[in-house]
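>>> below are the sequence and a predicted model for it; my questions follow.
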Amino acid sequence: MNHKTKGYLYGAVAAATYGMNPLFALPLYADGMDADSVLFFRYLLALGILGGMVRWRGRDFRLRRQEIGPLAAIGLLMAASSLTLFLSYNYMAAGIASTMLFVYPILVALIMAIVFREKITVLTVACIALALLGIGMLYQGDDGQALSTTGVVLVMGSALSYAIYLVWVSRPPLREIPTVKLTFYALLFGLLLFLFRVDFGRALEVPQHGFRWFNVVALAVLPTAVSLVSTTKAIQYIGSTPTAILGALEPLTAVFFGVMLFGESLTLSIVGGIVLILLAVMLIIAGGRIGLYLVRFRELFPKLPRLRRNKR
């Protein structure tokens, strides 16, 4: 198997595993757990996994003083994005929520244009129009019943938080931090938000049986650790832009599991909206430098050589 084939396989695995969020979160909701408790355990377990990866790659956990504030800020942004997405599952089908979340590359383009004065091209404007049309088709289904406004606001807030996160980690001083170490601290600071929301453990719903623990562990392993490592490998083989385009599998995976396992509806209007959003996002990634901001893993934590100990 050549490197290009490996890269596309890794990219597909990365996107598909990230799209498994609803697969493991929705059963926990049905079993009585709330979003705060689910995300608390997801972040806690993923923190252990990422910490092990930092040590395995020969990195240390030291930070410079000027890095602490930005890391705390992006950690809260990551947590806010996770929380609003998981809360949106209570108001709309998870597949639709995951598709709407996928507009974050377009929001990245807008942020770069508004904040950093990057030129808005005709392609960007066309992609924004396509995405808005797609969201409109999702919002009003074939049965005439509109989506929950609360759900739409939550998932758009999730996409915006993630877009800001992606832009911020691509700029100094954060871009000098190895990605796995950066993600570890983002999870650590993000965990503090959920610790506060569960009233420092007093309102925490602890999994009581194996089914709950299986889903909580799966959330930490598949959409977090496996997706992160696979994304890293994909970019090493095929680069950031093709890997970002393969991210279109994320909402498709969520839609598949939503329809097949959770009985979510799939109307012509929903299919059309999904197609328009995916087309808009793939065009804006392929047509510009957005791929550089979507995935910042090109220099991801190369393993450091071990120092040889002098024999006495």
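Arrived safely.

>>> give the contact list for Ile111.
Ile111 makes contacts with Ala163, Ile164, Val167, as judged by Cβ atoms under 8 Å, 6 or more residues apart in numbering. C-beta: built from backbone N, CA, C; applies to glycine.

>>> wait, a helix at it?
Yes. Under DSSP: H, G, I helix; E, B strand; the rest coil, Ile111 sits within a helix.

>>> what's the spacing between it and Leu160?
9 Å (Cβ to Cβ, to the nearest Å).

>>> buried stuff in stretch 39-56?
Residues 39-47, 49-51, 53-54 are the ones in stretch 39-56 that count as buried (16 or more other Cβ atoms under 10 Å).

>>> list just the nearest of those residues to Thr149.
Relative to Thr149, the closest of these is Leu39; by Cβ to Cβ it sits at 23.0 Å.

>>> find the helix or strand that the closest one is a member of.
With elements taken from DSSP states H and E, the one containing Leu39 is helix 35-56.

>>> which strands and helices lie in contact with that helix?
On a contact count with 3 or more Cβ pairs under 8 Å, 6 or more residues apart in numbering; DSSP states H and E, helix 35-56 meets helix 21-30, helix 65-88, helix 179-197, helix 210-220.

>>> same question for the second one, mean pLDDT?
It stands for helix 65-88. The average pLDDT within helix 65-88 is 94.

>>> and the contacts of the helix or strand just after it?
Using DSSP H and E, the helix or strand that follows helix 65-88 towards the C-terminus is helix 94-101. Residues outside helix 94-101 that contact it (Cβ under 8 Å, 6+ apart) are 19, 21-22, 25-26, 85, 88-89, 135, 138, 147, 151-152, 155-156, 158-159, 162, 250-251, 253-259, 262, 264, 266, 270, 273-274, 277-278.

>>> which members of those residues occur in strands, if any?
Of the contacts of helix 94-101, none are assigned to strands by DSSP state E.

>>> pull out the buried residues from these.
19, 21-22, 25-26, 85, 88-89, 135, 138, 147, 151-152, 155-156, 158-159, 162, 250-251, 253-258, 264, 266, 270, 273-274, 277-278.

>>> all helices for the stretch 151-300 of the chain, in order.
Listed in chain order, the helices of the stretch 151-300 of the chain (DSSP state H, counting those that start in this stretch) span 179-197, 210-220, 227-238, 240-246, 249-262, 268-286, 290-294.

>>> now for those, which one comes closest to Thr124?
helix 268-286 (6.2 Å).

>>> Tyr8: how many residues sit nearby?
Tyr8 sits with 16 neighbouring residues when counted by other Cβ atoms under 10 Å.

>>> how about the contacts made by it?
Ala234, Ile238, Pro242, Leu246.

>>> out of those residues, who's the most crowded?
Counting neighbours by other Cβ under 10 Å, Ala234 leads the contacts of Tyr8 with 27 neighbours.

>>> okay but that one is in contact with Thr243, surely?
Yes. Counting by Cβ atoms under 8 Å, Ala234 does reach Thr243; the two are 4.3 Å apart.

>>> what touches both of these two?
Joint contacts of Ala234 and Thr243 (Cβ under 8 Å, 6+ apart) are Gly7, Gly11, Ala14.

>>> most surrounded residue in these?
When neighbours are counted by other Cβ under 10 Å, Ala14 leads the shared contacts of Ala234 and Thr243 with 28 neighbours.

>>> correct me, but it touches Ala244?
No. Using Cβ under 8 Å, Ala14 makes no contact with Ala244, being 10.3 Å away.

>>> one step back: quick one: least confident of the contacts of Tyr8?
Among the contacts of Tyr8, Pro242 has the lowest pLDDT, at 72.

>>> now that residue: closest residue in space that isn't a chain neighbour?
Once flanking residues are discounted, Pro242 sits nearest to Gly11: 6.6 Å by Cβ to Cβ, 6 or more residues apart in numbering.

>>> swap in Leu107?
Once flanking residues are discounted, Leu107 sits nearest to Ala163: 3.7 Å by Cβ to Cβ, 6+ apart.

>>> ok, the one you found - contacts?
Ala163 touches Tyr104, Pro105, Leu107, Val108, Ile111, counting by Cβ under 8 Å, 6+ apart.

>>> same question for Val167.
Val108, Ile111, Met112, Val115, Tyr293.

>>> got these as a markdown table, with pLDDT columns?
Shown next, in a markdown table, are the contacts of Val167 (pLDDT from 0 to 100):
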| residue | pLDDT |
| --- | --- |
| Val108 | 83 |
| Ile111 | 87 |
| Met112 | 83 |
| Val115 | 87 |
| Tyr293 | 54 |
